[in-house]
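Undergrad: sequence below, structure please.
(one chain, ligands or ions: 1)
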Amino acid sequence: MADEKPAKLPESVEGKVLFNVPFPADLRQLKSMSPIVVMQPYRIDYIHSYGQDSPFFAGLANGRLLGTRCGACAYSYGTPRLHCMRCGAECEWIELPLEGSVHTFTVCHFGGEQFLKETPFVLILVEWPGVATLFLSRLAGVDCARPSLDWVGMKVRARFRRLSRFDPTDVYFVPA
Ligand SMILES: [Zn+2]
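TA: So this is what the prediction gives:
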């Protein structure tokens, strides 16, 4: 009442813009109207936190490989855990050698969407002396068509993507 200005929402150029939509004079025809189908791009910014695992990704971005070691029982983790799965105590960060060896491997002929262009590829579990658990990674520089049991125990060296994606795939291994 106090505001005499006519209320009108602003027109927008965002989203769908459709002109000249047919509309029958006889409303009984509406039930036989063809459905309106629209296509529009869909994008979402997905924000999530790496939380206490963040130092691991900071390491990858700096060409360092980090594991953890339990402060109480000294059990060590090639894939970092911030609390010990044996005793529950808090773990400390440790730096892992860039050279390890292949504990086991598999050649993947099917993969998720992210890896389709690189399929087939080799997944390995990397082991280090004195480190109790393994680290899952990719092995490059071998012939996927000729997998060999000689790969088990092979020395491998970590390589890091120059442009970090803050993803576990920022690191991969090649024969040392
Ligand atoms: Zn422990």
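
Undergrad: what about residue 56, which helix or strand?
TA: If you go by DSSP states H and E, residue 56 is part of helix 54-61.

Undergrad: okay, now the unreliable bits of the chain?
TA: For the chain, the stretches with pLDDT under 70 are 1-3, 12-13, 15.

Undergrad: top strand in it by residue count?
TA: strand 99-108 (DSSP state E).

Undergrad: and the helix or strand that that one is followed by, how far out from the chain's middle?
TA: As assigned by DSSP H and E, the chain's next helix or strand after strand 99-108 is strand 121-127. A distance of 17 Å separates the centroid of the chain from that of strand 121-127, by C-alpha atoms, centre = their mean, to the nearest Å.

Undergrad: likewise for stretch 14-33?
TA: 44 Å.

Undergrad: name the residues that touch that stretch?
TA: Outside of stretch 14-33, the residues within contact range by C-beta atoms under 8 Å, 6 or more residues apart in numbering are 36, 38, 40. All C-beta atoms are positioned from the backbone trio N, CA, C, and that covers glycine.

Undergrad: if I look at the last one, how far off is residue 14?
TA: In this case it means residue 40. 10 Å (C-beta to C-beta, to the nearest Å).

Undergrad: show me the contacts for residue 160.
TA: Contacts for residue 160 (C-beta under 8 Å, 6+ apart) come out as 60, 63, 170-171.

Undergrad: ChimeraX command to pick out the buried ones of those?
TA: This is the ChimeraX syntax for the buried subset of those, where burial follows 16 or more other C-beta atoms under 10 Å:
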select :60,170,171
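
Undergrad: which one of the contacts of residue 160 is nearest residue 71?
TA: residue 60 (23.4 Å; C-beta to C-beta).

Undergrad: check contacts around the closest residue to the closest one other than its chain neighbours.
TA: Distance criterion C-beta to C-beta, 6 or more residues apart in numbering; nearest residue to residue 60, sequence neighbours excluded, is residue 170 at 4.1 Å. Contact partners of residue 170, counting by C-beta under 8 Å, 6+ apart, are 57, 60-61, 160-161, 164.
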